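>>> next input, structure requested:
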Amino acid sequence: MSPSPSRLSDAWVALAGLSSVFLFEMLDNSVLNVALPSIGRDLRSSTTGLQWVSGAYSVAFGGLMLLFGAVADRVGRRRVMLSGLVLLAVASFATAAVTTTGQLIAVRVVMGIAAAMTTPGSMALAFRLFDDEGLRVRALTVISTAGLVGLAVGPTVGGFVLAVAPWQVLLLADVPIALLALVGIRLGVARDEASALRRDPVDVIGGLLGTATVTAALVTPTLLVHPGEHLPVGGGPPSPWPRWQRRASSSANGRRRTR
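Residues are numbered from 1 along each chain as shown. I've put the predicted structure just below:
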């Protein structure tokens with residue numbers, strides 16, 4: 001087993017890979033939300049469709065994260081993360097062939113599954129890099145900062161890209177991020193040791209119940225959106241005011257007739 005790095009810079013390859021993972025997780029949805037009007041116009045999506053484009057990733061990610069965390073404890077965090085990064089790169093690249101809202105939702109689901117595979121091990125692998133507690137804290141700070149920067153600049157970068165390129169470019173940008181993370185983790189993080197893996201079986205029933213609970217909590221708001229609603233010509237979300245106004249007028253007319 002190789003000795004633990006004595007400086008943060010000695011593990012820069014691994015830190016670059018782990019920071020890329022967290023960057024993707026924070027950047028992805030913030031960039032996508034900026035592109036929703038363009039996606040709606042290009043794919044002629046309904047409001048419900050766009051809700052699923054945005055939410056499918058979160059549903060798959062939130063619903064499967066606990067389950068993949070348990071699997072990673074038994075199979076190996078590094079191995080599961082590398083598999084998730086390969087899946088993420090392939091799914092992101094598939095965005096170039098998307099022509100319908102359903103296809104984009106399917107791509108987003110696969111990207112959410114990939115994120116659920118990579119997230120549980122990101123902090124654990126950072127702890128594996130160093131024995132010194134101070135270096136571990138500093139490593140977590142570097143990784144977290146990369147994600148927060150992505151969250152902060154995502155809408156601005158997304159708006160600039162949309163001004164000069166189609167919306168697909170925003171999702172295709174995840175491909176080089178995934179490849180950078182894949183190379184950094186493969187070269188900079190040591191292999192999983194068999195002695196450190198858990199031997200007890202995965203609690204499948206508990207995992208399924210947790211997945212169902214998280215999924216239900218995330219899906220419920222989407223079900224409240226009327227499936228027939230479509231975006232207006234301008235591409236923005238439809239206003240609820242006309243429907244509310246019609247209901248209010250009908251109620252007022254009914255009260256007048258009863259008098």
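
>>> what are the ranges of the helices in the protein?
For the chain, the helices defined by DSSP state H occupy 12-43, 47-75, 77-93, 101-129, 133-164, 168-172, 174-188, 204-223, 241-258.

>>> excluding sequence neighbours, find me the nearest residue to residue 182.
Counting by Cβ to Cβ, 6 or more residues apart in numbering, residue 182 lies nearest to residue 85, which is 4.4 Å off, once chain neighbours are set aside. Using the backbone N, CA and C atoms, a C-beta is placed for each residue, glycine as well.

>>> residue 189 is in contact with that neighbour, correct?
No. Counting by Cβ atoms under 8 Å, residue 85 stays clear of residue 189, with 11.9 Å between them.

>>> ok, these two, which is more surrounded?
Each of residue 85 and residue 189 has its neighbours counted (other Cβ atoms under 10 Å); residue 85 has more, 27 against 23.

>>> residues in contact with the more buried one?
21, 114, 118, 178, 179, 181, 182, 185 (Cβ atoms under 8 Å, 6 or more residues apart in numbering).

>>> surely the second one meets residue 87?
Yes. Because the distance of 4.2 Å satisfies Cβ under 8 Å, residue 114 is recorded as touching residue 87.

>>> neighbour count: the two, which is higher?
Neighbours per residue (other Cβ under 10 Å) separate residue 114 from residue 87, with residue 114 holding more: 29 against 18.

>>> list the contacts of the more buried one.
Contacts of residue 114 by Cβ under 8 Å, 6+ apart are 84, 85, 87, 88, 91.

>>> before we move on, back to that, could the contacts of residue 85 go into a markdown table alongside distance to residue 44 and pLDDT?
Output for the contacts of residue 85, formatted as a markdown table (distance: Cβ to Cβ, whole Å; pLDDT from 0 to 100):
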| residue | distance to residue 44 | pLDDT |
| --- | --- | --- |
| 21 | 34 | 89 |
| 114 | 27 | 93 |
| 118 | 33 | 89 |
| 178 | 29 | 92 |
| 179 | 32 | 93 |
| 181 | 34 | 92 |
| 182 | 35 | 93 |
| 185 | 39 | 92 |
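
>>> of these, which is the most crowded?
residue 118 (31 neighbours).

>>> my guess is that one contacts residue 21. True?
Yes. Judged on Cβ under 8 Å, residue 118 makes contact with residue 21 at a distance of 5.2 Å.

>>> where do the contact lists of those two overlap?
Looking at what touches both residue 118 and residue 21 (by Cβ under 8 Å, 6+ apart), the common residues are 81, 85, 181.

>>> contacts only, for the first one.
It refers to residue 81. Contacts of residue 81 by Cβ under 8 Å, 6+ apart are 21, 72, 117, 118, 121, 122, 125, 185.

>>> how does it look with 6 Å?
118, 121 (Cβ atoms under 6 Å, 6 or more residues apart in numbering).

>>> contacts only, for the closest residue to residue 52 other than its chain neighbours.
Closest residue to residue 52 apart from its sequence neighbours, by Cβ to Cβ, 6+ apart: residue 105 at 4.9 Å. Contacts for residue 105 (Cβ under 6 Å, 6+ apart) come out as 52, 53, 56.

>>> and residue 105, how far from residue 166?
18 Å (Cβ to Cβ, to the nearest Å).

>>> so where is the stretch 101-250 of the chain shaky, pLDDT-wise?
Along the stretch 101-250 of the chain, segments meeting pLDDT under 70 span 218, 221-250.

>>> burial check on the residue lying closest to residue 121 once chain neighbours are set aside, number of neighbours?
In this structure, residue 121 finds its nearest non-sequential neighbour in residue 77, 3.3 Å apart by Cβ to Cβ, 6+ apart. Neighbours of residue 77 under the rule other Cβ under 10 Å: 26.

>>> show the pLDDT at the closest residue to residue 203 other than its chain neighbours.
Nearest non-adjacent residue to residue 203, counting by Cβ to Cβ, 6+ apart: residue 70, 6.9 Å away. We have a pLDDT of 83 for residue 70.

>>> hmm, residue 201 and residue 70 touching each other?
No. The criterion here is Cβ atoms under 6 Å, and residue 70 misses it with residue 201 at 9.7 Å.
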